[in-house]
Every structure is written in structure tokens, then in C-alpha cells.
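Undergrad: Sequence and predicted structure below; questions after.
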Amino acid sequence: MPTVVFHQAGQTFTDVVKDNANLVVLAGIKQFPYPHLKYRCGMGKCAQCACRVLAGAENLPLPNWKEEKLLGERLEQGFRLACQLWLTHDIELTQDV
Ligand code: FES
């Protein structure tokens, strides 16, 4: 089960989530990282859930077309859309950008 370290507003939150967890889905049902994760649509349309991956990016799948469309050059800076990620490995993310 992946350990998720999440930085937001200068604070750090850590929890273990189930395999294949999606952080936006979890936040939607008021689980970690609720209420700290910023998101809106949950469908790869708004980019509100954009996070910069600080560690564990090598375990993520390649960005999908929604991430490519919404993040553009930010992909090269390590950004991903949390709503498009189903986590299977430890990861560290930030929305402090
Ligand atoms: S929540 Fe809208 S793109 Fe992820």
C-alpha cells in the first residue's frame, strides 16, 4: 500500500492509502488528503488538482492526453493531475507552487 506525502500551504501530511487509490476520489469522500487537496472536476478538465511530484514519479504511468492538454510545459517540471493518477507506489507531491 502506497505511502503518500503531501505538501500544501507550508504543511506536510502523510498517510498510507490503498493500492490504486486516487487522491481526488479519496478527497471527494472526505478521506486523506481532504481537506487539503485542491481539486474541482475530478475528470481531467480543470487542472485544479495539479501537483508537482517530488518523489516517486518514476513509478507513475506516462501522462495521458488530458494531462498533456492541460499541463503542457508543466509536465517537464514534474507536474501531474492528481485526478488522473491511481497510485500503486510511494509518492511525494506538493501543491505549494
Ligand atoms: S480535478 Fe479537474 S483536472 Fe483534476
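TA: Perfect, I can see it now. Residues are numbered from 1 along each chain as shown.
Undergrad: what does this protein have sitting close to the ligand?
TA: Counting by CB under 6 Å from any ligand atom, the residues of the chain close to the ligand are 24, 39-42, 44-49, 81, 83. For the C-beta atoms, the positions are set from N, CA and C on the backbone; glycine is no exception.
Undergrad: can you pull the contacts of the residue nearest to Asp15 when sequence neighbours are not counted?
TA: Excluding the flanking residues, the one nearest Asp15 by CB to CB, 6 or more residues apart in numbering is Phe32, at 4.1 Å. Phe32 is in contact with 4, 6, 13, 15, 17, 23, 26, counting by CB atoms under 8 Å, 6 or more residues apart in numbering.
Undergrad: Correct me if wrong, but Phe32 is in a helix.
TA: No. Counting by DSSP: H, G, I helix; E, B strand; the rest coil, Phe32 is not part of a helix but coil.
Undergrad: Roughly how far does Lys30 sit from His36?
TA: According to CB to CB, to the nearest Å, Lys30 and His36 sit 12 Å apart.
Undergrad: Show the contacting residues for the residue most central in space within the chain.
TA: Nearest to the geometric centre of the chain sits Ala82, at 2.9 Å (CA atoms, centre = their mean). Ala82 sits next to 22-24, 37, 39, 49-51, 93 when contact means CB under 8 Å, 6+ apart.
Undergrad: Among those, which are located in strands?
TA: Of the positions in the contacts of Ala82, 50-51, 93 sit in strands, assigned by DSSP state E.
Undergrad: okay, the residues you listed in a markdown table with pLDDT and distance to Glu67 next?
TA: Formatted as a markdown table, those follow (pLDDT from 0 to 100; distance: CB to CB, whole Å):
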| residue | pLDDT | distance to Glu67 |
| --- | --- | --- |
| Ala50 | 98 | 9 |
| Cys51 | 98 | 11 |
| Leu93 | 98 | 14 |
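Undergrad: from the contacts of Phe32, which would you call buried?
TA: 4, 6, 17, 23, 26 (16 or more other CB atoms under 10 Å).
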